[in-house]
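J.: what follows is a predicted protein model with its sequence.
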Amino acid sequence: MADDDVTTIRVSGTPGYDVLVGRGLLERLPDVLSPKTAKLLIVHAPTLAARAEQLREQLAGRYEVYLAEVPDAENAKRVEVAAFCWGVMGQTDFTRTDAVIGLGGGATTDLAGFVAATWLRGVDVVQIPTTVLGMVDAAVGGKTGINTAEGKNLVGAFHEPRAVLCDLETLDALPKNEILAGFAEIVKAGFIAEPEILEIVEADVDAVTDPGTPQFRRVVELAIGVKARVVGEDFTEQGLREILNYGHTLGHAIEHAERYQWRHGAAIAIGMMFAAELSRLTRNLSDADVERHRSILTSLSLPTTYPVGRWKTLLATMQRDKKARAGMLRFIVLDGIGRPTTLEGPDESLLFLAYQNLADA
Ligand SMILES: NC(=O)c1ccc[n+]([C@@H]2O[C@H](COP(=O)([O-])OP(=O)(O)OC[C@H]3O[C@@H](n4cnc5c(N)ncnc54)[C@H](O)[C@@H]3O)[C@@H](O)[C@H]2O)c1
Ligand SMILES: O=C(O)C(=O)C[C@@H](O)[C@H](O)[C@H](O)COP(=O)(O)O
Ligand SMILES: [Zn+2]
């Protein structure tokens, strides 16, 4: 049953869309679809099979509903899996007025968005994120993509969703370690733009990471608000949107080094620690603010160190970062909490110095 306690966060764009946060929102799916839509393809993770079936039954009288179960987690973000979805769409004569539904964590919604962006050069997608990370970050903003052997998200498209339904009920079955991984992106929003998030986390980490509390709801909505404001201003990442990549230059290289077996949030936590150390060296971020990164991430049971011997491998992968220009690496660093800026082409020796400060010998 949908309850009345629903928050709507508007993302401006062309045409823009709403992100709804509340419980029982799956029922609202028909309200956010185009009246012309006849067929739905629900792209879902294996862990969401029962929910997908429940949705199919609920929508069956009104739409022709197809399910595409895709591999779990990062294994979904492969071109073979996109081709499987395109195959289902081809066989079911999916037209430009039909719609894809992404149901799962960020990996599933990244794939579903990519499939929607590319089928017939673009059909509607409604994202139903079922992880904390998906709700506060991945499903909002229209960045879609898959990985290649060379790196993370190297193939993709910017494609606005028609709506994002963050149904908090879906989090009831989410394991604690996935909740904590999602907090990496929540505190990222805090570090770059919304210090209130950090204060709430510091005040009571157990309460804030419990999806039943008002603190949890507050930080989720604050983080979505940061994402909505940034992508509303710079959808295709011409400048401002790069701040959302705080911690991701090294973080993505770690995910690649770990063959995508790590949680995104865990890799990004180390990446943010590195970015904080780099900020201390290049922007005078205070020792206290660097330590604040470490203590917040540690309180969330997120990692902050990585073996020093892996540096060369990570550096090589970072060269393929999407923010790099003409062979020059670029990093998001902080002048202070809530004050992100860009660091262009730092020396390799400086990067290593920052890395050594967090490396686990
Ligand atoms: N497009 C963007 O802007 C953006 C932003 C941030 C992250 N991402 C991407 O998102 C991905 C990470 O997303 P994630 O952390 O959600 O990981 P994920 O999609 O791999 O999900 C994590 C795990 O949780 C399980 N799961 C999902 N929902 C569940 C539920 N309700 N109950 C029980 N289990 C559930 C999944 O099956 C999976 O095993 C990465 O690929 C990252 O690159 C994209
Ligand atoms: O939305 C964005 O822009 C982000 O950078 C958000 C990140 O949290 C996310 O992981 C994103 O997928 C990274 O994008 P990429 O362009 O570095 O692949
Ligand atoms: Zn991320």
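T.: Perfect, I can see it now. Residues are numbered from 1 along each chain as shown. Ligands and ions are numbered 1, 2, ... in the order given.
J.: tell me the contacts of residue 210?
T.: Each residue near residue 210 by C-beta atoms under 8 Å, 6 or more residues apart in numbering is listed here: residue 216. Every residue, glycine included, has its C-beta placed from N, CA and C.
J.: ugh, wrong one, residue 342
T.: Counting by C-beta under 8 Å, 6+ apart, residue 342 touches 242, 330-333.
J.: contacts only, for the residue most central in space within the chain.
T.: With distances taken as C-alpha atoms, centre = their mean, residue 138 lies nearest the centre of the chain, 2.7 Å away. Contact analysis of residue 138 by C-beta under 8 Å, 6+ apart lists 105-106, 109-110, 129, 131.
J.: give me the number of residues near the residue of the stretch 201-350 of the chain found nearest ligand 1?
T.: Nearest residue of the stretch 201-350 of the chain to ligand 1: residue 264, at 3.9 Å (C-beta to the nearest ligand atom). Burial of residue 264 is recorded as 27 neighbouring residues (other C-beta atoms under 10 Å).
J.: touching, it and residue 105? I think so.
T.: No: checked against C-beta atoms under 8 Å, the pair residue 264 and residue 105 is beyond contact range at 9.1 Å.
J.: phi and psi next, for the residue lying farthest from the centre of the chain.
T.: Ranked by distance from the centre of the chain (C-alpha atoms, centre = their mean), the top residue is residue 61, with 33.0 Å. Residue 61 has phi and psi values of phi -70, psi -20 when expressed as degrees, to the nearest 10.
J.: contact partners for it?
T.: For residue 61, the contact set (C-beta under 8 Å, 6+ apart) is empty.
J.: can you classify residue 117 by secondary structure?
T.: Put simply, residue 117 is helix when judged by DSSP: H, G, I helix; E, B strand; the rest coil.
J.: among the contacts of residue 138, which two are most distant?
T.: By the measure C-beta to C-beta, 110 and 131 form the most distant pair in the contacts of residue 138, at 11.9 Å.
J.: with neighbour numbers in mind, choose between those two.
T.: Taking other C-beta under 10 Å, residue 110 and residue 131 do not tie; residue 131 has more neighbours (29 against 26).
J.: what sits closest to the more buried one if chain neighbours are left out?
T.: residue 105 (3.9 Å; C-beta to C-beta, 6 or more residues apart in numbering).
J.: can you pull the contacts of residue 158?
T.: Neighbour list for residue 158: 117, 142-144, 235-237 [criterion: C-beta under 8 Å, 6+ apart].
J.: the helix or strand containing residue 66 close to ligand 1?
T.: Secondary structure from DSSP states H and E places residue 66 in strand 64-69. No: using C-beta under 6 Å from any ligand atom, strand 64-69 never reaches ligand 1; the gap is at least 11.0 Å.
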